[in-house]
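J.: return a 3D structure for these sequence lines:
(one chain, ligands or ions: 1)
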Amino acid sequence: MLGPHAIEGYAIVSADGMIADGDGAMPDSIHNEADQRFLQAAMDRAAVIVHGRRSHEGGPRAANRKRLVVTRQVPALAADPSQPNASLWNPAGTSLAEAIGTLGVGPGPIAVIGGTSVFDLFLPLYDVFHLTRAARAKIPGGQPLFSAVSPTTTAEDVLIRYGLQPSPPRDIDTAAGITLTNFQRNQ
Ligand SMILES: NC(=O)c1ccc[n+]([C@@H]2O[C@H](COP(=O)([O-])OP(=O)(O)OC[C@H]3O[C@@H](n4cnc5c(N)ncnc54)[C@H](OP(=O)(O)O)[C@@H]3O)[C@@H](O)[C@H]2O)c1
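T.: Got it, this is the predicted structure:
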């Protein structure tokens, strides 16, 4: 938690734990409408969304949402000249609490949506991680959810290592083989 805000991660991964291909693009095999509906509803409830420069949740309401764009291009914190509701944030220069304070956010979770290094940065902090898995997709040579994912370490292993425990997976699109597992931090 950060004050009243839970810290929640969101990702869709392939069976081998990848969020994108080797060029940083998301292949169709991990794009799913049920997951998109879930993500967009969660983003509407979030107080603020945190992501890197090449990651974005998209959708028709994106411009209304408060966001922090994680970057080393600013020393600490600056208004994002391309998005009125966004700030550019360098975690080495100022705290998350201070960055959020400048955005004047309302109630709701802090939603972390990637990419890999941003997901890594929040590993000690997640209260919940919402992990969608596309069981039929494989992305050899792809970009992993966390940098520690390897042929012998799954995304689930990493979350458990950081103190999060899975609830039973829920089918959100049975025909496409898409499941959603919520990992919760033990209180
Ligand atoms: N499947 C999924 O759920 C999912 C989720 C997220 C993303 N993706 C895909 O993954 C693709 C690639 O994502 P990505 O990880 O390469 O790009 P990204 O989201 O832009 O994150 C990397 C950037 O974040 C900044 N950054 C990361 N760690 C930082 C730190 N500790 N301090 C300061 N800045 C930091 C850097 O920005 P600067 O270069 O500006 O310094 C870095 O270039 C996206 O394009 C998207 O297609 C998929």
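
J.: how many other residues sit next to Ile139?
T.: The tally of other residues near Ile139 (other Cβ atoms under 10 Å) stands at 22. For the C-beta atoms, the positions are set from N, CA and C on the backbone; glycine is no exception.

J.: tell me which element it falls in.
T.: If you go by DSSP states H and E, Ile139 is not part of any helix or strand.

J.: just want the most central residue of the protein.
T.: Among the residues of the chain, the one closest to the centroid is Ile113, at 2.1 Å (Cα atoms, centre = their mean).

J.: now for the helix or strand of the chain with the lowest mean pLDDT, which elements pack on it?
T.: Lowest by mean pLDDT, DSSP states H and E among the helices and strands of the chain is helix 96-103, with a mean of 94. Judged by 3 or more Cβ pairs under 8 Å, 6 or more residues apart in numbering; DSSP states H and E, helix 96-103 is in contact with strand 67-70, strand 77-79, strand 86-89.

J.: average pLDDT across the shortest one?
T.: Per-region confidence: strand 77-79 scores 97 on mean pLDDT.

J.: which bits of the protein sit near the ligand?
T.: Within the chain, the residues that sit near the ligand (Cβ under 6 Å from any ligand atom) are 11-12, 19-20, 24-26, 30, 51-55, 70-73, 90-91, 113-118, 121, 143.

J.: among these, name the ones in strands.
T.: Members of the residues of the chain next to the ligand lying in strands (criterion: DSSP state E): 11-12, 19-20, 51-52, 70, 143.

J.: which of those sits closest to Asp44?
T.: His51 (15.9 Å; Cβ to Cβ).

J.: pretty sure the closest one is touching Ile110, no?
T.: No. Using Cβ atoms under 8 Å, His51 is not in contact with Ile110; the gap is 11.3 Å.

J.: okay, those two: which has more neighbours?
T.: Shown here are His51 and Ile110; by other Cβ under 10 Å, Ile110 has more neighbours (25 against 21).

J.: who touches the biggest helix by length in the chain?
T.: Using DSSP state H, we find that the single longest helix of the chain is helix 33-45. For helix 33-45, contacts defined as Cβ atoms under 8 Å, 6 or more residues apart in numbering pick out 8, 10, 12, 49, 57, 59, 61-62, 65, 108-109, 111, 113, 130, 132, 172-173, 176, 178, 180.

J.: buried ones among those?
T.: Using 16 or more other Cβ atoms under 10 Å as the burial test, these include 8, 10, 12, 49, 57, 65, 108-109, 111, 113, 130, 132, 172-173, 176, 178, 180 as buried.
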